[in-house]
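Visitor: starting from these lines, generate the structure:
(2 chains)
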Amino acid sequence: MSIDSYTFIFVFLPITLLGYYSIRRFGYQRLSMAWLVVASVVFYGWFNPVYLGLILGSVVFNYVLGGTISKRAGAGPPKAGALLALAIAVNLVLLGYFKYANFFVDNMNAILASDFNLQRIILPLAISFFTMQQIAYLVDSYRGQIAEHDLLKYSLLVTFFPKLLAGPIVRYNEMFPQEAKDRNTWCKRDDIVIGLSILFIGLFKKVVLADGVAPYADDVFNLAAANAAPPLINAWIGALGYTLQLYFDFSAYSDMAIGMGLMLGFRMPLNFWSPYKAVDVTDFWRRWHITLSRFLRDYVYIPLGGNRKGSLRRNVNLMVTMLVAGIWHGAGWTFVIWGLMHGLYLVMSHMWRALQQSLHWDMDRSPRLLIVMSVLTTFVAVAVAWVFFRAESVEAAVVMIKGMVGLNGVVGSGWYIDRIGLIWICLLLVICWFAPNSQEFMANYRTTFDAFGGRPVTTRNRWLRWSSTPVGATIVAGMTALAILGMSKASPFIYFQF
Amino acid sequence: MSSTTNGRYIMTYIALVVAGLALAGGIRYYAGPEYLACEHYEEGIAEILLSGKNVVHGPSGDQGLVLKRYVGKLGDRKDVLVLGSSRCQMIGSDLFPGRSFFNSYVAGAYLGDVLAAYEMYENRGLLPSVVVLGLDPWMLAGEADPVFWPSLRQEYLSMSRRLGISPDVPANILNKEDLLALFSLTNLEHDLGRLFPILMGGIPYYSTDSYADDAYSRMRDGSVVWPLLDRTRSAEDVEDLVMASALVTSLRQGEWYGADHLDEAATESLEAFVDYLQRENVQVVFYLAPYHPEAWDLLKWQSVYPGAEEYLRDLACDKGIAVVGSYDPEESGATMEDFYDEAHSKERFAERAFSALSLQQAQNET
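Guide: Model prediction:
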């Protein structure tokens, strides 16, 4: 039951909402949360009931450890620190077994010319996300940032179905004050109506935009995987096609999570903010998968020393952090290379910023042309890195990159340039660069909060802002109708595989 | 408490969503190929064919419905019938001189469409002497849908009953697939292409004694003449087209969306159909249309393709049925010049292939 299926949208979600608000109507706050936990468990079990034990066991284990760590944190760091290390290690071993065991054995066989045979392990859905979520809870417990340990709330934090499969990664303290604050209001009509609108805007992005451009990318990447060398134009169609497919796919999921969360009275942290408008890669990571960036910053980069130990150490920390990001996304050398590329980009980005500072060069006051060039350069760098992210193998990625730099010619025999594909790419680029994002469009209503804090959700284009007028209703209804029509042929979200 | 949304907004939103979906469903029902609301188009084509003229029309349309209307009003029996998919559409009456003939192909035909097409003639008592069965590998492949054209569903059910086989399609009209088809973005894109010509007075089609250069022409004998651009395309250009085709592209990518084995239910249906025809003293000929050499180089590794040919040749041998052609272009004697695209051979190939059959028939008769 994918979140873009008829079963989910027209059966699961309405039943969940109906049950949730019926219970809240009679004032049973905790029972309504229990209802959401049950719904989330059903949702997760629908994919593969075999792994229900894994996620529930993991929740109980981390809840118990989190509470114990919190209590012992006052007694002195050494004890609590050891427990924290143990708890994190157990989580990572579990993740490592399910996600990386096959990769490890395959590489060991390749290096040692051995023939160890490990049965193919099926990756439990969302294991990377719920592992990360729980490590954050453990660390926050250690830091004394968790005010209360409540199994019901914690279970809901981990399993909450709108964000279970692909984030955003929410902190305990971000989610539960909301529920307490809303205790006197059992139902907010605005939350439901606007949440539904954002849900369908997301669904529209997925089934119409992302799925629409996907075939043009898939054709080229699949041929490259079969060792067919794409010429320049086709290679760029493939790379840009995937760059845009991933953008709208992840943007769609983020919107849908925000929309569903809002319908249930929970505001999710902002997870996606027009990343292809970024002026450098540092800016990109404050816009793409924002809660992952925050996790990596708070739980990897800063504990490594961050930028406190000189620029060389900072650069090493950046490389290590992005390597972790790469490995987190997938077990494969392509993801390792992708992570290292972004690490390198970030190092270059910091050097560029340092140069700007030494020249007293204020980017905000730079000529518009320079900003446009910065955006384009960042976009191309990110698109090149996505090639490794998408390719079946390093060899296939290299074939693509060779094509993109023209080593396979500009056009090639047997390679057809699909004009519809080109039109799709141009249209989606225009949307990426010039249209308001969903939060800007919904700027009249607070739908999210900024994980990094302080970013104002505004747009200069007042006429492109949603309001409860017939025009607003028409725009959202149009996207809803197209999304429902597009659901008949939807494909899985890309981020579900992580 | 002030609200951002109001009842009026919500009602407008719901009304517009429902209206949008209803519009898409309505367009599907009005202009979609398998719905009767635009039957005048298919009826018109059938009328022209019945009048003994050729018809020039666009590529879209319900070919099952055209055949239904054609056979429904056909006065006399045809001596030779061709049943199959568009891969046998180039077989014309000139290959069977002196005999009345109609090529009753429907594009994309599954085995169920072939059975349904024959049922129409059977139902009207217009039994032929010879049936050329254009059999494609996908018709026998595992989990193949029994019917491509929903408009032929009832005829398929009737023929299934006649043959004593279990039909594999829902008998009711309002099934889940049909309902989902009403609300599909892919279908909407397709139907919009038909809608505007219909609104402007109908999808253009016209009768002619010749054929068109800028469109497909269905000849009075049911065969098809391709547009001039396709007829005159060089073998090299066709090869480029083949390499860029969806079939070849997916095969080059190592992807195969078809089945990997023959379907027992399909082979049993075919055998029952052949037995039935032979019991009615209808001479059966199997026609195996070749694939373009570049496509076959990839297809031959899909076991179901050579497997289907092997099965059909064995069946033909058992039942004493003549086989014309081969999926393998080399085996069938087809060259690069004999193709319009990856799957459709030209008339010149059919002429060569069926000339051998004529000789064989002549020898048998003597």
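Visitor: pLDDT at the residue of the stretch 251-400 of chain A found nearest chain B, what is it?
Guide: When distances are taken as Cβ to the nearest Cβ, the stretch 251-400 of chain A reaches nearest to chain B at residue A:392, 9.7 Å away. C-beta: built from backbone N, CA, C; applies to glycine. On pLDDT, residue A:392 comes in at 85.
Visitor: can I take it that it is in a helix?
Guide: No. Residue A:392: not assigned to a helix; according to DSSP: H, G, I helix; E, B strand; the rest coil it is coil.
Visitor: if I look at residue B:214, how far off is residue B:228?
Guide: Remark: distance between residue B:214 and residue B:228 (Cβ to Cβ, to the nearest Å) = 7 Å.
Visitor: who has more neighbours, those two?
Guide: residue B:228 (13 against 8; other Cβ atoms under 10 Å in any protein chain shown).
Visitor: wait, doesn't the more buried one sit right on residue B:213?
Guide: Yes. With contacts counted by Cβ atoms under 8 Å, residue B:228 reaches residue B:213, the gap being 3.8 Å.
Visitor: you'd agree residue B:132 is in a strand?
Guide: Yes. The assignment for residue B:132 is a strand, going by three-state DSSP.
Visitor: now do it: how many residues are near it, please.
Guide: Neighbour count for residue B:132, taken as other Cβ under 10 Å: 28.
Visitor: out of everything not next to it in sequence, what's closest to residue A:323?
Guide: The shortest distance from residue A:323 to any non-neighbouring residue, by Cβ to Cβ, 6 or more residues apart in numbering or on different chains, is to residue A:339 (4.7 Å).
Visitor: quick check: the one you found touching residue A:326?
Guide: Yes. Between residue A:339 and residue A:326 there is a contact under Cβ under 8 Å: 2.0 Å.
Visitor: just the local confidence number for the residue sitting nearest the centre point of chain B, please.
Guide: The centroid of chain B falls nearest to residue B:107 when counting by Cα atoms, centre = their mean (2.1 Å). You'll see residue B:107 listed with a pLDDT of 91.
Visitor: quick one, what contacts it?
Guide: Each residue near residue B:107 by Cβ atoms under 8 Å, 6 or more residues apart in numbering or on different chains is listed here: B:63, B:85-86, B:89, B:148.
Visitor: now the element after the lengthiest helix in chain B, going C-ward?
Guide: Across chain B, the longest stretch assigned as helix under DSSP state H is helix B:7-31. Reading on from helix B:7-31 to the C-terminus, the next helix or strand found by DSSP states H and E is helix B:39-50.
Visitor: and residue A:116, that's in a strand?
Guide: No. Counting by three-state DSSP, residue A:116 is not part of a strand but coil.
Visitor: ok, and the closest non-adjacent residue to it?
Guide: Spatially, and ignoring its direct neighbours in sequence, residue A:116 is nearest to residue A:105 (5.3 Å; Cβ to Cβ, 6+ apart).
Visitor: which of the residues in stretch B:24-31 are buried?
Guide: Across stretch B:24-31, burial judged by 16 or more other Cβ atoms under 10 Å in any protein chain shown covers B:24-28, B:31.
Visitor: run a quick neighbour tally on residue B:128.
Guide: So residue B:128, with other Cβ under 10 Å, has 25 neighbours.
Visitor: I misspoke; the intended subject was residue A:178.
Guide: Residue A:178 has 14 neighbours, counted by other Cβ under 10 Å.
Visitor: and for it, nearest residue in space, chain neighbours not counted?
Guide: Residue A:178 sits nearest to residue A:266 (Cβ to Cβ, 6+ apart), 5.7 Å away.
Visitor: ok, that neighbour - contacts?
Guide: A:160, A:162, A:175, A:178-179.
Visitor: please, which helix or strand holds it?
Guide: Taking DSSP H and E as the definition, one finds residue A:266 inside no helix or strand.
Visitor: what's the answer for residue A:145, then?
Guide: Assigned by DSSP H and E, residue A:145 falls within no helix or strand.
Visitor: grab the nearest non-local neighbour of it.
Guide: Going by Cβ to Cβ, 6+ apart, residue A:145 has residue A:173 as its nearest residue, at 6.3 Å.
Visitor: any idea how far that neighbour is from residue B:334?
Guide: Here the criterion is Cβ to Cβ. By it, residue A:173 lies 72 Å from residue B:334.
Visitor: give me the pLDDT for the residue nearest to residue A:178.
Guide: pLDDT, residue A:266: 89.
Visitor: same check, this time on residue B:59
Guide: For residue B:59, the model assigns a pLDDT of 58.
Visitor: looking at it, residue A:147 is touching residue A:141, isn't it?
Guide: No. In this structure, residue A:147 is not within contact of residue A:141 by Cβ under 8 Å, at 10.5 Å.
Visitor: those two: which is more packed in?
Guide: residue A:141 (27 against 11).
Visitor: what's the mean pLDDT across the helix or strand that one falls within?
Guide: Using DSSP H and E, the element containing residue A:141 is helix A:127-142. In this model, helix A:127-142 carries a mean pLDDT of 91.
Visitor: could you look up the SS state of residue A:38?
Guide: Three-state assignment for residue A:38 (three-state DSSP): helix.
Visitor: tell me which residue in the stretch 101-250 of chain A sits closest to chain B.
Guide: Nearest residue of the stretch 101-250 of chain A to chain B: residue A:222, at 3.5 Å (Cβ to the nearest Cβ).
Visitor: ok, that residue - how many residues close by?
Guide: 19.
Visitor: quick one: secondary structure of it?
Guide: Residue A:222 is classified as helix under three-state DSSP.
Visitor: got the contact list for residue A:205?
Guide: By Cβ under 8 Å, 6+ apart, the neighbours of residue A:205 are A:248-249, A:251-252, A:255.
Visitor: quick one: which of the residues you listed sit in helices?
Guide: In helices, judged by DSSP H, the following of the contacts of residue A:205 are found: A:248-249, A:251-252, A:255.
Visitor: which one among those residues gets closest to residue B:266?
Guide: Distance to residue B:266, by Cβ to Cβ, is smallest for residue A:249 among the ones in helices among the contacts of residue A:205, at 37.8 Å.
Visitor: no further queries at this time; thank you.
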